[in-house]
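*Asks:* Below are the sequence and a predicted model; questions follow.
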Amino acid sequence: MKTVLKSIACIVFSVTSVIAVAKDVYPSKPIKVIIPFPPGGAVDSFIRNIGPELGAELGQPIVVDNRPGGGGQIGAAAISGAAADGYTIFAAEMGTYIFNTMIYKNIRYQPLRDFENVAMLARAPMVMYTSTSGSIKTYAALKEALNAGKNLNYGSFGPGTGPHILGHMLSQLNPASKLMHVPYKGAPPAIQAIMANEIDILFDAVPGMLNMVRNNKGVPLAVAATQRNEFLPNVPTTTELGMPNLKMDMWIGVSVKKGTPPAIVNRLHDAFEKVLAQPAVWKRFSDFGFSRASMSSAQFNTFIESEMTRYRHIISETGVTVD
């Protein structure tokens, strides 16, 4: 009888062990990536482009779920309601993580409080540019016009967006200028406005304006960075032009819900890194003007914290708030 009971106990233990191991295997089902924007934008395109290779690396399909609205808050809320198991990923970017947390009065998420920040995927500096048919062709000409108090305007993708913040900083650096902000509802109408000379200058990230430069429709005046950009090597930086604080990168990263086990965070981090390290994969993004920005999860957290500290005072100065 004891032998029978012992055998049964061994069988139960073995089955329990197998179940436990199965539960620990990650991933064992499709992984959803929440994108807080409509289809077709930079973040959406980036994630969809690496989806097949990422799925192959993880051994599970990658399902893209667009949740636009509320300045990213709808997408972020979807993460907060999910389990902390690595099966729901949030596609983060500069505006959603940094600017929104400072301009929305009733923000429902905080990047460092509510998320485990997995990896930085790519980044690209913002560029000050104008139309080839405009009257300003160099930064020197722009500076002269600003110093003379000429009425000029700059466009943005809406109040509190990166182009707005940079334009505000530029106007603060030129007290004699009459540089007015003209907000648009997103990037497409702002780009149309610069092409039609409705606005004098516009800030946009390298991937957003590189084709215009290549097709001789846009003139880059300055790269908002410390070092020259690999895709615009002949364009001076704002640091070179005496404006070291006028710099900003557009970046894309991924996060999961706070409390996700470190082993899963590391598994996801390694998977994204391996995929983006593939030359054929990265070429798709370098062709658009993205630069690699490999960071560990801890480094990504530190980066986000430093960005929030840097922009808090700047955004407060603009007075932009959203209910």
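*Replies:* Arrived safely.

*Asks:* which residues in the stretch 151-300 of the chain form helices?
*Replies:* 162-173, 187-195, 206-214, 262-276, 279-286, 297-318 (DSSP state H, counting those that start in this stretch).

*Asks:* so which of those gets nearest S133?
*Replies:* helix 187-195 (8.1 Å; CB to CB). C-beta coordinates here come from the backbone N, C-alpha and C atoms, glycine included.

*Asks:* what comes into contact with that closest one?
*Replies:* Contact with helix 187-195 is made by 129-131, 134, 155-157, 163, 182, 184, 199, 201-202, 204, 208-209, 212, 217-218, as judged by CB atoms under 8 Å, 6 or more residues apart in numbering.

*Asks:* quick revisit: and of the helices of the stretch 151-300 of the chain, who's closest to M248?
*Replies:* By CB to CB (comparing all of these), the closest turns out to be helix 162-173, at 5.7 Å.

*Asks:* picking up where we left off before, can I get the helices of the stretch 151-300 of the chain in a markdown table with mean neighbour count and distance to M248?
*Replies:* Listed next are the helices of the stretch 151-300 of the chain as a markdown table, based on neighbours: other CB atoms under 10 Å; distance: least, CB to CB, whole Å:
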| stretch | mean neighbour count | distance to M248 |
| --- | --- | --- |
| helix 162-173 | 22 | 6 |
| helix 187-195 | 18 | 15 |
| helix 206-214 | 20 | 12 |
| helix 262-276 | 17 | 22 |
| helix 279-286 | 13 | 19 |
| helix 297-318 | 16 | 9 |
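
*Asks:* Would you format the ones you listed as TSV with distance to P68 and mean pLDDT included?
*Replies:* As requested, the helices of the stretch 151-300 of the chain are exported to TSV (distance: least, CB to CB, whole Å; pLDDT from 0 to 100):
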stretch	distance to P68	mean pLDDT
helix 162-173	18	92
helix 187-195	14	92
helix 206-214	18	92
helix 262-276	23	97
helix 279-286	22	94
helix 297-318	22	91
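
*Asks:* In the protein, where's the longest strand?
*Replies:* For the chain, the strand reaching the highest residue count under DSSP state E is reported as strand 115-131.

*Asks:* and the angle from that one to helix 187-195?
*Replies:* Between the axes of strand 115-131 and helix 187-195, defined by axes from the mean of the first three to the mean of the last three CA atoms, to 10 degrees, the angle is 20 degrees.

*Asks:* May I have strand 115-131 as PDB, with CA atoms only?
*Replies:* Only the C-alpha atoms of strand 115-131 are listed here, as PDB (Å, rounded to 0.1, in the frame of the first residue of the first chain):
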ATOM      1  CA  PHE A 115       5.500  50.900 -16.600                       C
ATOM      2  CA  GLU A 116       8.600  48.700 -16.800                       C
ATOM      3  CA  ASN A 117      10.500  50.400 -19.600                       C
ATOM      4  CA  VAL A 118      11.900  47.600 -21.700                       C
ATOM      5  CA  ALA A 119      14.000  49.100 -24.500                       C
ATOM      6  CA  MET A 120      14.700  52.200 -26.600                       C
ATOM      7  CA  LEU A 121      14.300  51.200 -30.200                       C
ATOM      8  CA  ALA A 122      15.300  54.200 -32.300                       C
ATOM      9  CA  ARG A 123      15.700  58.000 -32.100                       C
ATOM     10  CA  ALA A 124      16.200  60.900 -34.500                       C
ATOM     11  CA  PRO A 125      17.000  64.600 -33.800                       C
ATOM     12  CA  MET A 126      14.500  67.300 -34.600                       C
ATOM     13  CA  VAL A 127      15.400  69.600 -37.500                       C
ATOM     14  CA  MET A 128      14.500  73.200 -38.200                       C
ATOM     15  CA  TYR A 129      13.600  73.600 -41.800                       C
ATOM     16  CA  THR A 130      11.800  75.700 -44.300                       C
ATOM     17  CA  SER A 131      10.400  75.400 -47.900                       C
END
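
*Asks:* Would you give the sheet partners of that strand, along with the direction of each?
*Replies:* When sheet partners are counted by DSSP bridges, strand 115-131 sits next to strand 201-205 (antiparallel), strand 218-223 (antiparallel), strand 249-257 (antiparallel), strand 291-292 (antiparallel).

*Asks:* Give the buried residues for the second one.
*Replies:* What it means is strand 218-223. For strand 218-223, the buried set under the neighbour-count rule, 16 or more other CB atoms under 10 Å, comprises 218-223.

*Asks:* Next, the buried residues of the host helix or strand of L142.
*Replies:* Assigned by DSSP states H and E, L142 falls within helix 139-147. Taking 16+ other CB under 10 Å as the neighbour-count basis, helix 139-147 is seen to contain the buried residues 139, 142-143, 145-146.

*Asks:* Out of those, flag the one nearest to M250.
*Replies:* Checking the buried residues of helix 139-147 against M250 by CB to CB gives Y139 as the nearest, at 20.4 Å.

*Asks:* residues contacting the residue lying closest to the closest one once chain neighbours are set aside?
*Replies:* Take Y139 and drop its neighbours on the chain: the residue closest to it by CB to CB, 6 or more residues apart in numbering is L221, 4.4 Å away. L221 makes contact with 127-130, 136, 138-139, 142, 201, 235, according to CB under 8 Å, 6+ apart.
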